[in-house]
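kindly return the folded structure for what I paste below:
(one chain, ligands or ions: 1)
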Amino acid sequence: MEILGTRLISPCLLRAASTGAFQLKEPLNYRHGGRVQPAGGDGDSRVEKVHEPATGRVICDFVCSNQKEVDLAVQSAKEAYRYWSKLSGLERGRILLEAARLIREQREDIAIVESINTGKPITESRVDVDTAWQAVEYYAGIAGTLAGQHIQLSGGSFAYTRREPLGVCVGIGAWNYPFQIACWKSAPALACGNAMIFKPSPLTPLTAVMLAEIYTQAGAPKGLFNVLQGAVETGNFLCKHRGVAKVSFTGSVPTGIKIMETAAKNVKHVTLELGGKSPLVIFSDCDLENAVRGAMLANFLSQGEVCSNGTRVFVQKDVMSKFVEKVVAKTKAIKVGDPLFEDTQMGGLISRPHLDRVLSYVKQAEEQGATVLCGGDRFVPNDPKLKDGYFMKPCILGNCNDEMTCVKEEIFGPVMSVLAFDTEEEAIERANNTDLGLAAGVFTRDLTRAHRMAAALEAGTCFINNYNVSPIEIPFGGYKMSGFGKENGTVTIEYYTQLKSVYVEMGDPECSF
Ligand code: NAD
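Residues are numbered from 1 along each chain as shown. Sure, this is the predicted structure:
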């Protein structure tokens with residue numbers, strides 16, 4: 001197979017991938033500066049097949065990494081860490097800046113692979129790649145500013161603090177934003193002087209390898225960013241490994257709980273970015289056109305497979321009928337189809353079992369008394385190539401109440417539940433009536449109400465008069481069972497460093513012995 005430069009696969013081959021004309025044969029583990037076949041030995045050696053959501057075809061497969069492969073990756077990362085952690089922040093930043101430039105240069109290739117592998121529209125994948133290089137560039141800038149504090153004490157003695165890296169960090173990713181997640185974790189980790197081993201979701205193994213190649217090309221030492229492929233067992237080996245100092249996880253709540261339990265056994269640092277069932281509250285005094293836009297952004301990006309989605313849309317009763325009319329019309333107009341077409345607005349869901357799960361949520365909602373206002377069934381595009389793709393028509397559920405399963409559980413698909421409310425107090429109480437707390441949104445023209453709501457909503461991020469915007473400068477992370485720790489913003493350096501206090505005695509030690 002042809003390899004262009006250090007790229008994983010060339011654009012023309014990617015097109016071939018999208019038509020099922022070839023299968024990717026290159027190994028997808030990236031360890032110590034190159035792509036390697038995972039080491040043999042005991043442990044998980046299952047082969048995972050990777051499907052293309054738009055066509056249902058297998059685009060590649062890989063052998064899951066076993067304990068031996070994990071050991072080798074940790075050893076390689078430790079070697080890199082010894083060198084990398086001794087560099088100045090400015091030196092590390094320079095390499096990260098070059099990596100950000102290379103991502104920008106390879107934006108289209110990465111976006112195409114991402115769309116083929118995740119099923120999301122190419123226009124969205126490009127935005128994902130942009131938010132990814134922005135993270136690398138942002139933390140490149142911060143690397144040179146990392147510093148401790150000087151503390152004056154009595155008698156001329158003093159103390160200072162050193163902000164030190166943690167060591168080898170593990171990143172474990174979900175399948176909905178594979179490249180973005182890999183960058184949001186690795187950029188702050190590397191900027192702070194750590195090494196990282198990243199395990200992508202077995203459904204989306206490709207673009208993390210492209211990132212590894214970019215870091216190497218930018219001048220990162222071998223082993224600084226390794227990628228191991230695998231599923232549950234590989235992830236578990238990584239979380240248990242004594243050579244690993246931290247696990248940063250993005251994924252579902254049940255997996256997050258298991259990872260926290262495993263990491264607790266040797267007191268590893270943990271960041272958990274978990275699921276959500278976020279509320280979007282629309283007051284009748286809002287700009288309704290903007291609120292409709294907000295509801296669309298809150299539900300239908302990436303086929304609705306977005307952790308922060310505002311899937312519980314609370315609408316004040318007096319604007320309900322107007323809101324429903326507008327949002328249904330817009331939803332019916334969404335163009336579902338080939339993710340590589342420029343005018344496609346929604347692609348295929350990640351897998352056949354996931355599509356079936358989402359469709360069954362719609363069926364169950366109907367059985368529980370909700371009204372399907374549009375969509376909610378499987379969609380087969382006219383193009384014969386796409387006949388086995390995992391497409392569905394985006395769905396709006398009306399007449400919902402707080403007890404319905406579709407309102408309580410994260411569906412992770414293009415399904416919006418609309419709920420009516422009367423008063424601000426009622427909206428707050430119902431919005432907060434969940435164990436999850438990733439995000440929330442409010443649409444209103446009333447300035448004081450907007451800030452009252454932002455303060456009252458139990459969520460890690462609150463959007464006022466917009467939804468699902470995630471500039472790299474803003475910390476992102478959950479409340480309640482949506483997790484803890486933050487990604488993005490300057491605060492994230494707290495989660496990838498530890499603070500050492502150094503006491504300096506300028507006199508004689510006082511001693512009672
Ligand atoms: P998942 O929990 O099934 O898997 C996530 C990752 O964990 C995968 O790489 C998987 O292989 C790995 N894994 C599974 N079991 C493991 C174990 N025991 N030990 C270590 N690793 C293990 O989640 P998913 O289906 O890939 O992603 C969807 C979920 O992710 C949704 O709930 C969504 O809300 C959430 N998500 C959250 C954020 C956020 O930032 N809060 C972002 C994206 C997705």
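
ok, the closest residue to the ligand within the stretch 51-200 of the chain to P254 distance?
Among all residues of the stretch 51-200 of the chain, A174 sits closest to the ligand, at 3.3 Å; criterion: CB to the nearest ligand atom. (Each C-beta comes from the backbone N, C-alpha and C, glycine too.) Separation of A174 from P254 (CB to CB, to the nearest Å) stands at 13 Å.

distance of D338 from the ligand?
D338 is 24 Å from the ligand, where distance means CB to the nearest ligand atom, to the nearest Å.

where does the stretch 401-513 of the chain come near the ligand, residue by residue?
Residues of the stretch 401-513 of the chain found near the ligand (CB under 6 Å from any ligand atom) are 410, 412, 438, 478, 483.

okay, now the residue lying closest to the first one once chain neighbours are set aside: neighbour count?
Which is E410. Using CB to CB, 6 or more residues apart in numbering and skipping residues adjacent in sequence, the residue nearest E410 is G275, 4.6 Å away. When counting by other CB atoms under 10 Å, one arrives at 25 neighbours for G275.

again, but for A182
For A182, the count of nearby residues is 28 (other CB under 10 Å).

chain neighbours aside, what residue packs nearest to it?
A182's closest residue in space is A208 (CB to CB, 6+ apart), at 4.5 Å.

and the next helix or strand past the strand or helix carrying that neighbour?
Taking DSSP states H and E as the criterion, A208 maps to helix 206-218. Per DSSP H and E, the first helix or strand lying C-terminal to helix 206-218 is strand 225-227.

can you give me the buried ones in the host helix or strand of C406?
Using DSSP H and E, C406 maps to helix 405-408. Neighbour-count burial for helix 405-408, counted by 16 or more other CB atoms under 10 Å, picks out 406-407.

and it, what other elements does it pack with?
The contact analysis (3 or more CB pairs under 8 Å, 6 or more residues apart in numbering; DSSP states H and E) places helix 405-408 against helix 352-367, strand 415-421.

what angle do strand 415-421 and the helix or strand that comes right after the last one make with each other?
If I follow you right, that is strand 415-421. Counting by DSSP H and E, the element after strand 415-421 in chain order, helix or strand, is helix 424-431. Per axes from the mean of the first three to the mean of the last three CA atoms, to 10 degrees, the angle that helix 424-431 makes with strand 415-421 is 150 degrees.

tell me the helix or strand right after the helix or strand where V129 lies.
Using DSSP H and E, the element containing V129 is helix 122-143. Downstream of helix 122-143, the first helix or strand assigned by DSSP H and E is strand 150-152.

flag every buried residue along the helix or strand just after that next one.
Heading C-terminal from strand 150-152, the first helix or strand you meet, by DSSP H and E, is strand 158-165. Of all the residues in strand 158-165, those buried under the rule 16+ other CB under 10 Å are 163-165.

and if you look at stretch 195-202?
In stretch 195-202, counting by 16+ other CB under 10 Å, buried: 195-202.

which of the residues you listed lies closest to S65?
Nearest to S65 out of the buried residues of stretch 195-202 is K199 (CB to CB; 7.9 Å).

what's in contact with the helix or strand where L280 lies?
Using DSSP H and E, L280 falls within strand 279-282. Residues outside strand 279-282 that contact it (CB atoms under 8 Å, 6 or more residues apart in numbering): 291, 294-295, 298, 310, 312-316, 319, 323, 421, 427, 430-432, 434, 440-443, 453, 457, 459, 467.

gap between the residue of the stretch 51-200 of the chain closest to the ligand and V324?
31 Å.

before we move on, what about L96?
For L96, the distance to V324 equals 47 Å [CB to CB].

which one's more surrounded, these two?
Neighbours were tallied for L96 and for V324 using other CB under 10 Å; the higher tally belongs to L96 (26 against 20).

the more buried one falls within a helix, correct?
Yes: secondary structure of L96 (DSSP: H, G, I helix; E, B strand; the rest coil): part of a helix.
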